[in-house]
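A.B. asks: any chance you could fold what I've pasted below:
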Amino acid sequence: MKWKSLFVCALGISLLAVAAPTKSPVRKEVQRITDRQAWQEKLRASGYKAHGGIQKSETQGDDDDRSRSFPHFTQSFTYGGVTYPYTMIGYKPRSGRSTTVRSVIVPMKITFAFFGDDGSVSHTFDPGPAVTNIVNSPIYRNAHFVNGFGQFTDQLQRAAFWNQMDRQHSWHVRMDRPRIAKPLEITVTPEFGTLFVDSDGNFFGDMSFDATDAILSAYLQAAGLDADELPIFVSDDVTAEALGYHNATQFAGSRAFQTYIYTSWLDPALVDPIIADVSTINHEVAEWANDPFVNNIVPLWMYPPPNDPRTICADNPFLEVGDPQGNGPTFSDFPTIVVPIDGVDYHLQQIVLLQWFTGEVPSSAFGGWYTFPDPTSITQPFVPCP
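C.D. replies: Numbers count the residues shown, from 1 in each chain. As a prediction, the model looks like this:
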């Protein structure tokens, strides 16, 4: 990693002993966006990633030790004669106990510097609007969903486990109001990213995935966050060779399981609703809740719907609930769900429920559903890969 060319400053934290950037010898033109639809297809194709993972033997079981992680529980399902254990955030649904998840949003203030044929072009992306939008969204605030009034993640999980939870249906997995950290300041030079501009002068950035994750890992090791506090790194109109991803790791010398999320936020005035504002964070938070340690294995599945000739095997062995309708060639078959709060429209991606992966017919979820927030977009479980 050429730290002299990728400078990071976490305010208030001695993150890395690195030199200030020097003028990069690499020259990279600012890429012009001349076809808006093609550009948005390129963004969409960046997709979402799961990264890292902790050994199943380390995380399997029920655990309320907040010095190691969030409360989590382990159950299993059987498909084709094979048993698949899974571990999720919260207490066992039948317990009726509620979990309140603490999180910290880390705004990423990113400057793309030394671009253009003479290295004179730079642009700074301010994460303030993105953070404000996320904090006020259904990720953290109650909204109306088809199965009740509540937060997105809580209503998603309650739909999946409705018929497994306590008789009073008092089980919840809620997000507490987030703590906002000081901005993580990053300078990206042409070795580690690409700068784009459209015909109206709006800039977009794309960072190296590996460089981004190295920065986030270094930040986490220096920040000393509690194990039961979920870090969510937020960029505004900047991607990292992916719209978003979640990760789980265990740093040397620590017994804690570190989970975290990176999410881009794209201005709804500049991109299609399917990738706008909170569509990426709702994807990643849903996957974190359902596969926090990136080690829940499921049967290999085909991208839905099965009648779309574009469907292919996902080659994805993980219980990634956002990917069936969020990644792959059939992405355009699924709607964006608009959820308003106080007159602001928030765009949510469709998520499959656990029952889609288990192959249950009928589904044991609320209403016999396989997907959420719109239960009509998928009405049957996965089709296995040939």
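A.B. asks: hey, let's count contacts and neighbours off CA atoms from now on
C.D. replies: Noted.
A.B. asks: could you tell me the end-to-end distance of stretch 171-188?
C.D. replies: 44 Å (Cα to Cα, to the nearest Å).
A.B. asks: any idea how far residue 341 is from the residue lying closest to residue 89 once chain neighbours are set aside?
C.D. replies: Once flanking residues are discounted, residue 89 sits nearest to residue 72: 4.4 Å by Cα to Cα, 6 or more residues apart in numbering. Using Cα to Cα, residue 72 is found at 30 Å from residue 341.
A.B. asks: and what of residue 168?
C.D. replies: 28 Å.
A.B. asks: got it, and residue 102?
C.D. replies: On the measure of Cα to Cα, residue 102 and residue 341 end up 22 Å apart.
A.B. asks: the strands in the stretch 151-300 of the chain, which residues?
C.D. replies: Under the criterion DSSP state E, counting those that start in this stretch, the stretch 151-300 of the chain contains strands at 172-175, 179-180, 184-188, 193-198, 203-207, 229-236, 238-239, 244-249, 258-265.
A.B. asks: redo those strands as JSON lines? Include distance to residue 67 and mean pLDDT.
C.D. replies: Shown next, in JSON lines, are the strands of the stretch 151-300 of the chain (distance: least, Cα to Cα, whole Å; pLDDT from 0 to 100):
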{"stretch": "strand 172-175", "distance to residue 67": "19", "mean pLDDT": "98"}
{"stretch": "strand 179-180", "distance to residue 67": "19", "mean pLDDT": "98"}
{"stretch": "strand 184-188", "distance to residue 67": "25", "mean pLDDT": "95"}
{"stretch": "strand 193-198", "distance to residue 67": "37", "mean pLDDT": "96"}
{"stretch": "strand 203-207", "distance to residue 67": "33", "mean pLDDT": "97"}
{"stretch": "strand 229-236", "distance to residue 67": "10", "mean pLDDT": "98"}
{"stretch": "strand 238-239", "distance to residue 67": "32", "mean pLDDT": "98"}
{"stretch": "strand 244-249", "distance to residue 67": "15", "mean pLDDT": "94"}
{"stretch": "strand 258-265", "distance to residue 67": "11", "mean pLDDT": "96"}
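A.B. asks: between these, which one is closest to residue 143.
C.D. replies: strand 172-175 (12.8 Å; Cα to Cα).
A.B. asks: walk me through which strands that closest one pairs with, and which way each runs.
C.D. replies: Applying DSSP bridges to the sheet, strand 172-175 is found paired with strand 98-115 (parallel).
A.B. asks: average pLDDT across the strand it pairs with?
C.D. replies: Averaged over strand 98-115, pLDDT sits at 97.
A.B. asks: more neighbours, residue 102 and residue 341?
C.D. replies: residue 102 (18 against 15; other Cα atoms under 10 Å).
A.B. asks: so what's the residue count around the closest residue to that one other than its chain neighbours?
C.D. replies: Leaving aside its chain neighbours, residue 102 sits nearest to residue 229 (4.9 Å; criterion: Cα to Cα, 6+ apart). Close neighbours of residue 229, defined as other Cα under 10 Å, add up to 19.
A.B. asks: so which residue of the protein lies furthest out from the middle?
C.D. replies: What lies farthest from the middle of the chain is residue 118; by Cα atoms, centre = their mean that is 36.3 Å.
A.B. asks: so it sits in a strand?
C.D. replies: No. Applying DSSP: H, G, I helix; E, B strand; the rest coil, one finds residue 118 to be coil, outside a strand.
A.B. asks: how near is it to residue 187?
C.D. replies: Noted for residue 118: a distance of 18 Å to residue 187, by Cα to Cα.
A.B. asks: then residue 160?
C.D. replies: 42 Å.
A.B. asks: between these two, which one's more packed in?
C.D. replies: Ranked by neighbour count (other Cα under 10 Å), residue 160 and residue 187 place residue 160 first, with 25 against 22.
A.B. asks: do you know how far the nearest residue to the more buried one once chain neighbours are set aside is from residue 240?
C.D. replies: Take residue 160 and drop its neighbours on the chain: the residue closest to it by Cα to Cα, 6+ apart is residue 365, 4.7 Å away. Separation of residue 365 from residue 240 (Cα to Cα) stands at 34 Å.
A.B. asks: poorly predicted segments of the stretch 1-150 of the chain, please.
C.D. replies: 1-25, 50-51 (pLDDT under 70).
A.B. asks: let's go with 80 and repeat that
C.D. replies: 1-26, 49-52, 65-67 (pLDDT under 80).
A.B. asks: which SSE is residue 45 in?
C.D. replies: When elements are assigned from DSSP states H and E, residue 45 belongs to helix 36-46.
A.B. asks: what is that helix packed up against?
C.D. replies: If contacts are counted by 3 or more Cα pairs under 8 Å, 6 or more residues apart in numbering; DSSP states H and E, helix 36-46 sits against no helix or strand.
A.B. asks: identify each buried residue in that helix, please.
C.D. replies: Within helix 36-46, the residues that count as buried by 16 or more other Cα atoms under 10 Å are 39-40, 43-46.
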